[in-house]
Every structure is written in C-alpha cells, then in structure tokens.
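>>> Starting from these lines, generate the structure:
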Amino acid sequence: MAPIAIAVANFEKKDVESRGMIVALEDGGRLSCSYLGTEAPISLPFAGLSRRDGQVLSADIKDVKARIQKAQAGADDDQAEHCLASKQVITLTSAKPPRDLLPAFDEAEWQTARECVRLTFTLTAPATGGVRDVAVTVRCDSPVVVDPPGIVLSQISAGSPSDLEFSFFVAAPTRVANATATIVASYTSAENYPQSQVHDIRLPFGLFATATTPDKDAKYKVTITSSKQCVNLNQLFGEIVAEESARNSVAFRLSCGSTVSVLSARNTKRYRIQSAVFTALWLVMDELCQRLTAYHTKNRTDDDDDDGTPVVLSVTHALPLEQYYSLIDTHFEKRVAIASCMARLEQRAVEYRMLQKRLLMRVKEKSSKSLNHLDLLLGRSYDLITELCDEEEALRVDLHQASVELSAGTRVMHILLRLWLQLTDDMLFLVENVISATVNEPPERHGWEEVTDKSLLHMLKTTFAKNEDEREVYLESEFTMPTSTIDLKKHLALLIARLSEETDSATSQSGGARPAPAHGESSLPGDRELPSKPAAQQPVPAHASGVQGIPPTADSPDADTEQGVPENEASAAAEADE
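Residues are numbered from 1 along each chain as shown. Sure, this is the predicted structure:
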C-alpha cells in the first residue's frame, strides 16, 4: 500500500462513535480505514456505499483533471524558471590522453592512441536567483573514461554562465557496448531546495572509429533498404573518411580492433554493413541509421522518389538468432563456471578452518609429540584456496568480456527488430526494457538471464497475450539461476513472433505495407533479392540448441552462405570500390 493522502477522522454510527481513525487514499482510488492501538473499534465506520449521480461524478472528475493540469503546468513553469539552464558543445580534438588514464595500453599503443572528445558543459543560473553547492558528475561505461569525473562549484551567480570542460578517452582496446554518457548536476536553489538535473549525451562516432581499408574477410553482414536513393558515403562520414575515398564504400577500424565496412548500391537503395565480428556491427549500424535520417531530413534531393516524406529504413532478411543465442550461452557458461568455482572455494575454506582448529588443539595438547602432518595439510589447503581465488578472478574477467559482447549483441538485435518490424518509439522502448542491453554482473543479486526470462514471460502473459484466457497477471518473486538457457530462447523467439503478429495487424488496419526492397538486379556484389518477412502464422521450429525464431527461407542470403556472405568476398569488395 502506497497512500497519496492521509488524514485522521471521527465517525459516528447510531450511538457508537469511532474516534481517531486513520483514513488513507491510494493512487488507484482505494480508500482504507485503520486504527492505532490494541483494541479494535466497536463498529466499522463504513456500513455500505452510497450511490451517486453519474453526471455529478463526471463533473467532479473533470474538475479534478482541470486542477491537476493547472497544477502541473504551474509546476513546470516554476521549475523552468528556477532551474539551471544547460548547453553542451562536443568537439573532437587531437589532444593525446594522459598516460595514467590508459593503464591497459603499452607505450606504443599510447603513442598511437586515438583522438579524445572535449565536452564543454555550460551551466547558467536562473535570473530569479543564484544557486550554490553545485556538483556535476559524469558517468560513462567502460572502456570510456572521463577526466575529471566530477566538478564541484561553491555557487553560480544569477544569470552568469559557468563553463565546465570534460575530456573523454577510450582507455582500453575492448568492445564498446554503450556510446552514451550521463551528466548529473545537483545543486541547492535560491529557495534552499535541493534539485538535480540529468542529461544524456551521445559521444561522437569519431571517438570509437577511424578510417581504414575495407576488410575482405567479412563473415557477418546486414543489408538495410532505404526509401531514398543512396547517398555519398564519403560525404556522409566526411569528418572521418578521407576526401579521396570511394563514394560507395567506407571502412572503419573500431577501438577494439575490429573492422566494419559499409557499402552502398549503385542502382538499388541498399546499404550493406559487414564485419568479421558480429558484435562489432551495432555501433556502425546505429550511426549509419542516425546519419541517414538526419541527412534526408536536412537535405532535400531532386530525385524522382523524393516526395517530401521522411526516409524509411528497413531490413527483410532473417534475424541472426543463432549468433545471439551463442552470446547468451557463452555468458551463461561463464556464470555457471564462477558459481562452481565459488562452491569449491567455499568447500576448501571450510576444510581450511577445520584444519586450523585441529592444528590449534594439537598444539595446545601438552602430551602431543607430533602434529600428524596437519601443518602440511594446512599449507596444501592454503595453496588450493589461492589457486581457486586466481581462477575465480580470471573467470570474472572472462565474464566481463562476455557481458560486453552480450550487451553489444543485444543492441544489434534492437536495431534489427526496429528496422525489420518498423517499431514505434513506444514499442521500441518496451522491447529495450524487456530485453535489456544492460547486463548485470556480480555483485548484482540477479543475473541477466533470469531477469530477462521473467520479463519476457510477463510480457507474453500480459501485453502480448493472444486472448483473454491466456492473459493473466504473472507474479513471481523468486529469481533463481536457471539450469539452462532453453526456456529463455523459447520465450525470446515467441516474443519476436508475437511482435511480428502485432505489427502485421497494425499495418493491415492502417492499410499500409511494410517497406520492401527494390526489385530487379541488385547492385551489391554477391547479393540477391531479399525475401519478405515470414508470415506471422509460420511455426517456430525447435532444436537442440534452442529455438530459431525466424528461420531463413530458401532464397535468403542465409540459405547457401553463412549469414548471407558472398562466397567471393574479395571480388565483391573490389567491385564496390570501383
């Protein structure tokens, strides 16, 4: 129970009076009456509910809504008037990061370290009065580090700006799973009220990528179809790629060492992102989609198909569930290995304590002449505990790497689901929270697998239930580590199928159609015409390693080459460069 209003009242019923009753109103409209003390009231104050006229109730509801809207509008205006005004200016500089902030780099790697990002965060106090005790903290995920992590100001005078500078660096050559930094500014207003503001900023793509030559050995690829003609990639990534580069192909070397190539078609409206590492695709895919949307919004071309409508990006090939399942299995295996190591470590610790007690008793015995090799057993037990501790530390490093890979793979799935199903912002927000890209690690109490599985099952039982008989409130408080990931894979595939049915139903009701790739001969080397999205009623096959939610069709790129990669990738890259 979470009351939003509470009051003390006295009730009278015939000749009996109940005094000092506590009446609480919940946010759902429930009214409860309680009391303090050991003796219950003689009579209940509520004998029944009186009926009220519907018109009177409707008038009361409208009045309450109007008062709430007026109060919220006044609160927003008052908050805007008394809050700090902020502005961010992000620039990519050539300054070399400090040596002490890059402990994972050797001297040669530090000498060739990539550029850093300089963020100028400007705070301006409101004209109504200055603020004091200002603390600005910046948080970013590994391997990105910020210098300094926080700045404290004693006060900011009314109307005067204060510029704060932060520098972001990539501190280790590892995979980037989050390209967003969070800035939290807390302060005390002129009215002596503590307040805080949160700002999310997207770090520039140049912090994580540099231009390089295309990688001819690309194992994984994603083909994105656009509703507009392909743009010049050299112009789209002008601040990173050299001017003399080919207009229909660019390549980036990420901070983790992986190479990701982007190819554009000559005649059809397609872009291909390909790499030898599956989890390296997400950063370039997300950046390409955002840049294409911004480019077509800002620049209106003279193409025949440019009718003023916003650009629509889509994918139609099979989802790479097998690769995603492999990342889930790897992460889960590391968790199981750590749990097994911790169990053995606990057992050895119990043995060590028992040996200590027995050795202490043997030493205290005056008649004892020999230790019966208890000292040797104690030393051996200590060595085993040390070995297990080293093993556990190594496993936690592997778990962190697996968590980063799983997080990056989840972001790839988010982008593909958004493009494949044309998800709305609300539906995408729901999917991103159910299948979270934030992977929990120890000392978190619950792991990513059990939390995601419970979230998926809850959504399948409530929001995505097929009928009222299947719909139910799913409540389960126990979160235990599962024995396998089979159920998680089944629920994930089932949720994707339900999402497909939901979008198909919404598309048919609106009379529209999901964008399909252009027909005709493809201009992308090794590519062939992509199939339309599988039908919603298509059964989901099960197999030993899990459930393949969207199986590849006969004429999809996945039918004869792994992940749709052309067999002769070298000739493909050469033709794209021409």
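>>> what packs against the biggest helix by length in the chain?
Identified as the longest helix of the chain according to DSSP state H is helix 374-421. Using 3 or more Cβ pairs under 8 Å, 6 or more residues apart in numbering; DSSP states H and E, the elements in contact with helix 374-421 are helix 281-298, strand 313-314, helix 321-364, helix 425-434, helix 486-510. To be clear about C-beta, it is placed using only N, CA and C from the backbone, and glycine gets the same treatment.
>>> Against which helices or strands is the longest one packed?
Okay, so that is helix 321-364. So helix 321-364, by 3+ Cβ pairs under 8 Å, 6+ apart, packs with helix 374-421, helix 448-461, helix 486-510, strand 546-547.
>>> Over to the last one?
Judged by 3+ Cβ pairs under 8 Å, 6+ apart, helix 486-510 is in contact with helix 321-364, helix 374-421, helix 425-434, helix 448-461, strand 546-547.
>>> Identify the residue nearest the geometric centre of this protein.
residue 437 (3.2 Å; Cα atoms, centre = their mean).
>>> if I've got this straight, that one is in a strand?
No. Counting by DSSP: H, G, I helix; E, B strand; the rest coil, residue 437 is not part of a strand but coil.
>>> Identify the residue spatially nearest to it, adjacent ones excluded.
residue 410 (4.3 Å; Cβ to Cβ, 6 or more residues apart in numbering).
>>> tell me the contacts of that neighbour?
Residue 410 makes contact with 324, 435, 436, 437, 439, according to Cβ atoms under 8 Å, 6 or more residues apart in numbering.
>>> and if we set it to 10 Å?
177, 279, 282, 324, 327-328, 432, 435-439, 448, 452 (Cβ atoms under 10 Å, 6 or more residues apart in numbering).
>>> Closest one of those residues to residue 498?
Of all these, residue 498 sits closest to residue 435, with 13.1 Å by Cβ to Cβ.
>>> burial measure for the closest one, as a count.
Neighbourhood size, residue 435 [other Cβ atoms under 10 Å]: 20.
>>> Also residue 359?
Residue 359 is flanked by 16 other residues according to other Cβ under 10 Å.
>>> Just the pLDDT for it.
Looking at residue 359, its pLDDT stands at 87.
>>> Also residue 98?
At residue 98, the pLDDT recorded in the model is 63.
>>> same deal with residue 292?
Looking at residue 292, its pLDDT is 91.
>>> same check, this time on residue 350
The per-residue pLDDT reported for residue 350 equals 94.
>>> mind listing what residue 456 touches?
Residue 456 is in contact with 434, 435, 464, 487, 488, 490, 491, 492, 493, 494, 495, counting by Cβ under 10 Å, 6+ apart.
>>> Quick one: work out the angle between the one helix or strand residue 196 maps to and helix 281-298.
Per DSSP states H and E: residue 196 is located in strand 194-202. Computed by axes from the mean of the first three to the mean of the last three Cα atoms, to 10 degrees, the angle separating strand 194-202 from helix 281-298 equals 90 degrees.
>>> Strand partners (parallel or antiparallel) of the helix or strand just after strand 194-202?
Helices and strands here follow DSSP H and E; after strand 194-202, the next one along the chain is strand 209-211. Strand 209-211 has its sheet partners listed here by DSSP bridges as strand 249-254 (antiparallel).
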